[in-house]
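Visitor: Provided below for reference: sequence and predicted model.
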Amino acid sequence: MLGPWPTPAGPAETNHAPLTAPGATRAVEHVLERVLDTRLRQARETDAVFAHDMADRVAAFVRRGGKRLRTAFVWCGWRAAGGSGDPGAVLRTGAALELLQACALIHDDVMDGSPLRRGAPAMHVDFARDHRAGRAAGSADSFGTSAAVLAGDLALAWADDLLTETALAAPHGARLSDEWRAMRTEMVAGQYRDLRAQASGSSDAEEARTIAVLKSARYTVARPLALGASLAGADTPVLDALRAAGRCAGLAFQLRDDLIGAFGDPELTGKPADDDLRSRKLTPLLAAAVRLADARGDRDAAAVLAPGAGARPEHTVERMRAALERTGARAEIEARIAELAAAGLRHFEATGAAPVVRREFAALVERASGITPQTAEELV
């Protein structure tokens, strides 16, 4: 066990718990530091080379960033279900989610062949670079891929260990574990469906939505809300309302991420803006563009968006962006994001959460979906 947890401190916090979701995201950084320090010490006791080459890299990746949105949604779920008092289990659950996210991102970058993550070389790229610098034997790319898979596995092990410790000490630990197990299975299912759709060249809108829900909507919002609510012993109606709110808000988040993947600025996002288009990843955005191109008889758009062998060259990526705009797919997805965000807020209100908690959830949905402040105010 990791021992006593630090009491958050600051102007917006009490002696027992942060009063806001932002307070929780600040406090979870302290918890992560404690967890990582413990895990790194254990890694050094196991093997110095492993600790230096791999454990240190994973810890640095976790420390390097992320919005910590999942922690904030755990907090909102806990508060919506009446949670109060000592926030230790909430913060530890948030920290476990951040470690799980590290695993997901490291593995995702390997599968997608992405070169950048959080403004730095992706894990497999970093390992391969060191292999080349050391003039080691064999393929640097193969070594980088294999080492990154192990790094992701290590982050997953740390996440599971922390969640298990938290569940064992929590009054409703069995329910917490059930939500966690379901979430991990959904993540793998969504990732596999993503790989399968890409291999088959699918343009099916329902398949795109299924992937978005499994891989992101539930994992990013719905399950974190339910994890927090489980810690508070939530009843079925509250859990159902939170899951509905999370599916809507989480899908809005994924749709925004799809738009960023196609049109985002790498300087702001810390990752390439054309990976999804270059690999023709099936997203609701792509599926909408294919459907609209066919409906409007736009043969050029249909041709450039159709499945093709290998990665798309730069000029093809630019034509794909133009097709997403010209067909109206980008505008359609923007409208859908607003609808889903509004629905998420309505479902969350059905939990009976206090107004301050509803406002915090609305602010998180705004961050996740990219809705402008004016629109967010109208939706609240």
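Guide: Arrived safely, thanks for sending. If you're wondering where the values come from, they're calculated on a predicted model, not measured in any experiment.

Visitor: and residue 351, how far from residue 237?
Guide: 8 Å (Cβ to Cβ, to the nearest Å). Using the backbone N, CA and C atoms, a C-beta is placed for each residue, glycine as well.

Visitor: which one's more surrounded, the two?
Guide: The neighbour comparison of residue 351 against residue 237 (other Cβ atoms under 10 Å) goes to residue 351, with 27 against 11.

Visitor: was I right about that one contacting residue 79?
Guide: No - using Cβ atoms under 8 Å, residue 351 makes no contact with residue 79, being 9.7 Å away.

Visitor: which helices and strands sit right next to the helix or strand where residue 347 lies?
Guide: Here residue 347 sits within helix 329-349, counting by DSSP states H and E. Contact here means 3 or more Cβ pairs under 8 Å, 6 or more residues apart in numbering; DSSP states H and E; on that basis helix 329-349 packs against helix 236-263, helix 284-296, helix 355-369, helix 373-379.

Visitor: in that helix, what's buried?
Guide: 329-330, 332-333, 336-338, 340-345, 347-349 (16 or more other Cβ atoms under 10 Å).

Visitor: nearest to residue 201, of those residues?
Guide: Nearest to residue 201 among those is residue 329, at 17.7 Å by Cβ to Cβ.

Visitor: list the contacts of the closest one.
Guide: 285, 286, 288, 289, 292, 323 (Cβ atoms under 8 Å, 6 or more residues apart in numbering).

Visitor: ditto for residue 262
Guide: 273, 274, 276, 277, 285, 320, 321, 324, 330.

Visitor: for the chain, which helix is longest?
Guide: Determined from DSSP state H, the single longest helix within the chain is helix 140-169.

Visitor: any regions of the stretch 51-200 of the chain where pLDDT drops low?
Guide: Within the stretch 51-200 of the chain, no stretch has pLDDT under 70.

Visitor: ok so, going back, just put the contacts of residue 262 in TSV and tack on secondary structure, pLDDT and distance to residue 257.
Guide: Below are the contacts of residue 262 laid out as TSV (DSSP: H, G, I helix; E, B strand; the rest coil; pLDDT from 0 to 100; distance: Cβ to Cβ, whole Å):
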residue	secondary structure	pLDDT	distance to residue 257
273	coil	65	12
274	coil	75	14
276	helix	83	9
277	helix	90	14
285	helix	97	10
320	helix	94	17
321	helix	94	16
324	helix	97	15
330	helix	97	14
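
Visitor: okay, buried residues for the helix or strand encompassing residue 31 please.
Guide: Following DSSP H and E, the helix or strand that holds residue 31 is helix 21-46. Buried residues in helix 21-46, counted by 16+ other Cβ under 10 Å: 21-32, 34-36, 38-39, 43.

Visitor: for residue 96, find the nearest of the helices and strands packed on helix 329-349.
Guide: Nearest to residue 96, of those and by Cβ to Cβ, is helix 236-263 at 17.5 Å.

Visitor: buried residues, that closest one. List them.
Guide: Residues 238-239, 241-262 are the ones in helix 236-263 that count as buried (16+ other Cβ under 10 Å).

Visitor: with stretch 174-190 instead?
Guide: 175, 176, 177, 179, 180, 183, 184, 186, 187, 190.

Visitor: contacts for it next, please.
Guide: 89, 93, 96, 100, 104, 163-164, 166-167, 170, 211, 213-216, 218-219, 223, 226-227, 230-231, 233.

Visitor: sec struct for the residue nearest the centre of the chain, please.
Guide: By Cα atoms, centre = their mean, the chain has its centre lying nearest to residue 220, at 5.0 Å. Look at residue 220: counting by DSSP: H, G, I helix; E, B strand; the rest coil, its state is helix.
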